[in-house]
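Enquirer: 3D model of this:
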Amino acid sequence: HHGGVFRIGGLVVAVLACLQISIYAEAKFHVPYDWWGVREPDIRVHHEPAHQPLLRGLWVTTERNAVYDRITEIIRRETRPGESIMIFPQTPIFYLLADRPPMGRAVVYWFDFLPDNLAQEEKRRLEGKPPALILLMDLPEIVWTEHEKAFRGGRPSAQRGIVEQIQRMEEQGSYRQIATIPLEARYQFRILKHK
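Expert: Next comes the predicted model:
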């Protein structure tokens, strides 16, 4: 004879499972995104429809809307259609929002996404045919070292070579900074225009 799900043991398990699911759902609604200190607030408040036409149907914070709008406007204003740009390391949405092609084959330069040999190839491409504009997110050193520990056994990543090349080109006067856009307390986007 089977007592069914409504026996006391089954009922306790069902209640505990529902409670656990509720706790996880509440946590995810409260902090839907947290990446190295870049956090999104509670999804049930502080959001508005995205302004950019390609983001129609999405709701974002007022602050994110302002970042998307400002960066997109600067890229469109400072480059011509068809001119390539570089977005380093991991916000490829701006290629689409600004309708500008990437500099090379890589679209995302993130540590666990772009292998060293392709990152070195992109560095050479940057040296040989610089893009009209670079959108560079400044990353704290801890982000670099922790990713290198996790994905390269502590060895420096080839992405460092890309940033070093950008810095050299800036020092040599090939690029000038035209805007700085804060993202969070620890992060900012720098927009560099080729002279």
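Enquirer: Going by C-alpha atoms from here, please, whenever you check contacts or count neighbours.
Expert: Fine.
Enquirer: give me every residue that touches Ala14.
Expert: Applying C-alpha atoms under 8 Å, 6 or more residues apart in numbering, we find Ala14 in contact with no residue.
Enquirer: sec struct for it, please.
Expert: Here Ala14 is recorded as helix under DSSP: H, G, I helix; E, B strand; the rest coil.
Enquirer: Give me the mean pLDDT for stretch 185-195.
Expert: For stretch 185-195, the per-residue pLDDT values average out at 91.
Enquirer: whoops, I mixed them up, stretch 128-142
Expert: 93.
Enquirer: buried residues in it?
Expert: Buried positions in stretch 128-142, judged by neighbour count with 16 or more other C-alpha atoms under 10 Å: 130-137.
Enquirer: Could you do stretch 110-125 as well?
Expert: Taking 16+ other C-alpha under 10 Å as the basis for neighbour counts, the residues of stretch 110-125 that come out buried are 110-111, 114, 116, 119-123, 125.
Enquirer: With stretch 175-189 instead?
Expert: By 16+ other C-alpha under 10 Å, the buried positions in stretch 175-189 come out as 175-176, 187, 189.
Enquirer: Show me which of those residues is closest to Ala17.
Expert: Within the buried residues of stretch 175-189, distances to Ala17 taken as C-alpha to C-alpha reach their minimum at Tyr187, with 38.7 Å.
Enquirer: what's near enough to touch Val13?
Expert: Val13 sits in contact with no residue, where contact means C-alpha under 8 Å, 6+ apart.
Enquirer: Gln120 is in what secondary structure piece?
Expert: Gln120 is part of helix 116-128, with elements assigned from DSSP states H and E.
Enquirer: Work out the sheet partners of the helix or strand following that helix and label each with its direction, please.
Expert: Proceeding N to C from helix 116-128, the next assigned helix or strand is strand 133-138, under DSSP H and E. Each strand paired with strand 133-138, and its direction, by DSSP bridges: strand 85-88 (parallel), strand 187-194 (antiparallel).
Enquirer: most tightly surrounded among these?
Expert: Mean neighbour count (mean count of other C-alpha atoms under 10 Å) peaks for strand 85-88 among the strands paired with strand 133-138, with a mean of 24.
Enquirer: same question for it, mean pLDDT?
Expert: The predicted model gives strand 85-88 an average pLDDT of 96.
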